[in-house]
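*Asks:* when you get a sec, could you give me coordinates for this:
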Amino acid sequence: MAAPEHAAFGFDSHTTPVPALLCVADDGAYLMSNGLPRLLADPASPEGSSRIVRAHRNDIGSLLDDVSICDGFVEHIALTAQFSRQARTIDLIRRYSQRAAWLVLTITPSRFEISFTPSNSFSPNSPQPADQ
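*Replies:* Alright, predicted model coming up:
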């Protein structure tokens with residue numbers, strides 16, 4: 001959100017880029033920012049990798065075996081988008097981060113869901129989303 005600019009996503013070059021997280025699945029699953037300049041894993045190496053947040057648990061291997069997903073994917077999560085009637089996506093991320101809660105991404109070949117779960121009610125093997 002604080003980056004001075006944001007990269008456009010994929011083929012959507014006709015709209016103004018918005019702050020977003022990119023949910024990437026290739027060598028595992030992870031999130032990264034679309035902010036410019038990019039957040040570097042090692043600031044001393046400007047040509048190096050971007051900073052990423054790896055998934056705590058994922059079953060991405062079975063998804064990547066699916067022909068419809070092929071070699072991986074990138075899902076654009078606009079942080080300023082209205083998540084529910086009460087809040088934007090970034091508002092919920094901030095609210096739940098103050099409670100040490102989990103951001104849960106459920107990805108299947110036919111859907112992509114975002115939910116938030118208090119950490120004391122979350123089992124990595126069976127998420128029970130609190131807000132959807």
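
*Asks:* rounded mean pLDDT for the top helix by length along the chain, please.
*Replies:* Using DSSP state H, we find that the single longest helix of the chain is helix 89-97. Averaged across helix 89-97, the pLDDT comes to 89.

*Asks:* ditto for stretch 4-23
*Replies:* On average, the pLDDT along stretch 4-23 is 79.

*Asks:* only the buried residues of it, if you could.
*Replies:* Residues 6, 9, 17, 19-23 are the ones in stretch 4-23 that count as buried (16 or more other C-beta atoms under 10 Å). The way it works is simple: take the backbone N, C-alpha and C, and place the C-beta from them, glycine included.

*Asks:* ok so, going back, who's in contact with the longest helix of the chain?
*Replies:* 1, 19, 77-81, 83-84, 87, 102-103, 114, 116, 118, 131 (C-beta atoms under 8 Å, 6 or more residues apart in numbering).

*Asks:* the residue sitting furthest away from the middle of the chain and residue 52, how far apart?
*Replies:* Relative to the centre of the chain, the most outlying C-alpha is that of residue 44, 25.2 Å out, by C-alpha atoms, centre = their mean. Counting by C-beta to C-beta, to the nearest Å, the separation of residue 44 from residue 52 is 17 Å.
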